[in-house]
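S.K.: sharing a model prediction with you, sequence too.
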Amino acid sequence: MPNGADHVLVASPSNVIRQRVLDSLRSPARCFEQASGGAEALVHLESGLWHVLYLDRHLPDLDAEELSQTVRQRFPGVEIVLLDADLDGKKEDDRAAGGEMVDLVPEAWPALAGVEWAGENDHRGQSTIAPSLPGMIGDSQVMQPVYRLARLLAPRNTTVLITGPTGSGKEIMARAIHQLSPRSGRAFAVVNCAAIPETMLEAELFGYARGAFTGATQSYGGRIQAAQGGTLFLDEIGEMPLSLQPKLLRFLEQKELQRLGSAEVVRVDARIISATNAHLLSLVREGKFREDLYYRLSAFLLEIPPLHDRGEDIGQLSAYFLDKFAARRPAPQLSSAALQLLKTHPWAGNIRELQNVIERALVLSEEQAVIRPEHLWLGDASGSGPR
């Protein structure tokens, strides 16, 4: 975006509404970006300089009034214009095909003449470092939007889908959201959909009545019911069998379940957070994952970046693992050469790989006070040998 231009962000789930706003305000002197929801709008605000936010009152993920308050606190230089549509009695889902804009006409453009442009170094309140989440290590720039969005999500019951490569900390992120939520005093139940055989997963999730199958000598409530009042974390959700997906979808929509071998309907109040390292939309296109379940699980997407994008965090993460594995002896320090080597490694295994490297380095250093490059068993593409 060129310096001196009017920077405008338009946030609405409706393509029609966004286009109407842009068409009514389009000018060669103005730069525009679009967001389909509140979370995406926040990501844009975190990563750029903005004069005006046109914000739809009807967002699919966040409450527009709450989001407005957050924006005013964090980005006081951004003017907010709330938008609405005249539904003419139509359902809200029909807004994209119907309603007229009632709050916005071309003349409603905010008076920007009095807004001072402070240049590219003006971050409009973005200099404050967002504190990391419980259990999360590192405050790199790339993690700042993730932390802020997670904290914004935590108090709500919004269903969250956490994405990111294997070993990036998706379960830790889910636990952090649970700990920061009003549900923190209740259970955090975990189900790894890839680790439980398909024949057992339904019983493990939904429970079963006594006598439901051979060996069912007593009733079992299941992991979903175990999360009553708390949070259910579904790891590797992309591995859930197609045969079970309709039953999970029904629970998400109705908050009701039936145990195997029982006609009783049980209501369960549990927040659902799921995670995957797979590209679920690709699985949807391949017919391996239900589209309706995908959109129900991904009411809010939270992406954790890979470790090779978090170079600023390598030092903090390494120090944490050194303290963790040093046990009874004082934790050694990383030499500058060793730290530099860690920062340039590609980290295909992400944080889990770094943890293993540090643990091995403590062994190879033979209780020396400094970890040097020769103690780092990084290996090459084939996984061979220490460096």
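M.R.: Received the coordinates, thanks.

S.K.: kindly state the beta-bridge partners for the residue positioned nearest the centre of the chain.
M.R.: The chain has Leu302 as the residue nearest its centroid, 1.6 Å off, counting by CA atoms, centre = their mean. Going by DSSP bridges, Leu302 is paired in beta bridges with Ile162.

S.K.: contacting residues for it?
M.R.: Neighbour list for Leu302: Val146, Leu149, Ala150, Leu153, Val160, Leu161, Ile162, Thr163, Met173 [criterion: CB atoms under 8 Å, 6 or more residues apart in numbering]. Yep, even glycine has a C-beta here, placed from its N, CA and C like the rest.

S.K.: and the residues you listed as JSON lines, adding distance to Gly222?
M.R.: Shown next, in JSON lines, are the contacts of Leu302 (distance: CB to CB, whole Å):
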{"residue": "Val146", "distance to Gly222": "31"}
{"residue": "Leu149", "distance to Gly222": "31"}
{"residue": "Ala150", "distance to Gly222": "27"}
{"residue": "Leu153", "distance to Gly222": "26"}
{"residue": "Val160", "distance to Gly222": "21"}
{"residue": "Leu161", "distance to Gly222": "22"}
{"residue": "Ile162", "distance to Gly222": "22"}
{"residue": "Thr163", "distance to Gly222": "26"}
{"residue": "Met173", "distance to Gly222": "24"}
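
S.K.: possible to save those residues as JSON lines with pLDDT?
M.R.: Below are the contacts of Leu302 laid out as JSON lines (pLDDT from 0 to 100):
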{"residue": "Val146", "pLDDT": "90"}
{"residue": "Leu149", "pLDDT": "89"}
{"residue": "Ala150", "pLDDT": "91"}
{"residue": "Leu153", "pLDDT": "90"}
{"residue": "Val160", "pLDDT": "95"}
{"residue": "Leu161", "pLDDT": "95"}
{"residue": "Ile162", "pLDDT": "96"}
{"residue": "Thr163", "pLDDT": "95"}
{"residue": "Met173", "pLDDT": "96"}
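
S.K.: Gly135 and Glu171 touch, don't they?
M.R.: No. Shown here, Gly135 and Glu171 do not form a contact pair, counting by CB atoms under 8 Å, at 9.3 Å.

S.K.: quick one: find the helix or strand in this structure with the lowest mean pLDDT.
M.R.: In the chain, no helix or strand scores lower on mean pLDDT, DSSP states H and E than strand 100-101, which sits at a mean of 36.

S.K.: helices of the chain, start to end?
M.R.: 15-25, 38-47, 64-74, 144-153, 170-179, 198-206, 222-226, 245-254, 280-285, 291-297, 314-326, 336-344, 350-364 (DSSP state H).
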